[in-house]
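Visitor: sequence first, then the predicted structure:
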Amino acid sequence: MPEPSDMSAQLDTELVAAARNGDAQAYEELVYRHRDKIYARAFSMVRNEEQALDLSQEAWIKAWQRLHQFHGDASFATWITRITINLSLDFLRKAKRQRAESVEALEESSGGIERLLPVVNPNPTARLERVELRAKIDQAMETLSEGHRTVLILHEFEELPYKEIAERVGCSIGTVMSRLFYARRRMATAMKELLREEDA
């Protein structure tokens, strides 16, 4: 078995091949190489540090279990990112259902939703996003709704076509285009405001 230092020079494809044959050390090298990107993608979608960590860890476990399904049609990084996105979308759908159920239960018990307060998650971008522009982009992303943010990430960062985005989020292509148009416009406005504050 090669030393860890030797593995750092190997290509992802070579590490995947070794991992398929049961080489856990090769898989650990893949995790080391891509863990920050995978965590960042999960966080960009769920906006919660602890949940993003759980989802990224779940993605690595699923990828290990499904390595035999990786055929090299795309890069390993793209493949594990897609797994992360799917897990994040599943989490968001489940959270949305739970919020709806909570609202219904509250309405039954109190007759209204006046006491239902929004959950505010801390922004841990300082840990991963060291570049000021990336931090500004992240702040601007916070101004988008969950639906608009998800469409923007899938199209702009993952470069998925409208049809695939529509299938993943469960809406029409027209809705995807509309959300994308709004998200881009809102992001541009938010970025201008943030940069104006910085110059002030």
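Guide: Structure's in. What do you need? Here the structure is a predicted model, which means the values were calculated and not measured.
Visitor: may I have the secondary structure class of Thr143?
Guide: Reducing the assignment to helix, strand or coil with DSSP: H, G, I helix; E, B strand; the rest coil, the entry for Thr143 is coil.
Visitor: helices and strands of this structure: which one has the lowest mean pLDDT?
Guide: Confidence across the helices and strands of the chain bottoms out at helix 125-128, with a mean of 46, counting by mean pLDDT, DSSP states H and E.
Visitor: the spatially closest residue to Ile80 that is not a sequence neighbour: neighbouring residues, count only.
Guide: Excluding its sequence neighbours, the residue lying closest to Ile80 (Cβ to Cβ, 6 or more residues apart in numbering) is Ala63, at 5.1 Å. Quick note: C-beta positions are derived from backbone N, CA and C, even for glycine. For Ala63, the number of neighbouring residues by other Cβ atoms under 10 Å comes to 24.
Visitor: could you do Ala9 as well?
Guide: The number of residues packed near Ala9 is 8, by other Cβ under 10 Å.
Visitor: likewise the one 4 residues further on?
Guide: Summarising burial for Thr13: neighbours were counted as other Cβ under 10 Å, giving 12.
Visitor: surely it and Phe76 touch.
Guide: Yes: under the criterion of Cβ atoms under 8 Å, Thr13 makes contact with Phe76 at 7.3 Å.
Visitor: would you map out the domains in this structure?
Guide: Residue ranges for the structural domains of the chain, counted by automatic domain parsing, are given in the record as 1-96, 129-200.
Visitor: quick one: average pLDDT of the first one?
Guide: Okay, so that is domain 1-96. Per-region confidence: domain 1-96 scores 90 on mean pLDDT.
Visitor: which elements pack onto the longest helix anywhere in the chain?
Guide: Ordering each helix of the chain by length in residues (DSSP state H) puts helix 76-110 first. Other elements packing on helix 76-110 under the criterion 3 or more Cβ pairs under 8 Å, 6 or more residues apart in numbering; DSSP states H and E are helix 12-20, helix 24-46, helix 49-65, helix 146-152, helix 162-169.
Visitor: just name the most buried of those.
Guide: Relative to the other members of these, helix 146-152 carries the highest mean neighbour count by mean count of other Cβ atoms under 10 Å, namely a mean of 21.
Visitor: then that one to CSV, C-alphas only?
Guide: Backbone C-alpha positions of helix 146-152 (Å, rounded to 0.1, in the frame of the first residue of the first chain) are rendered in CSV as follows:
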residue,chain,number,x,y,z
GLU,A,146,-34.8,29.0,-0.5
GLY,A,147,-36.4,28.3,-3.9
HIS,A,148,-34.6,31.1,-5.7
ARG,A,149,-31.3,30.3,-4.1
THR,A,150,-31.5,26.6,-5.0
VAL,A,151,-32.2,27.4,-8.7
LEU,A,152,-29.4,29.9,-8.8
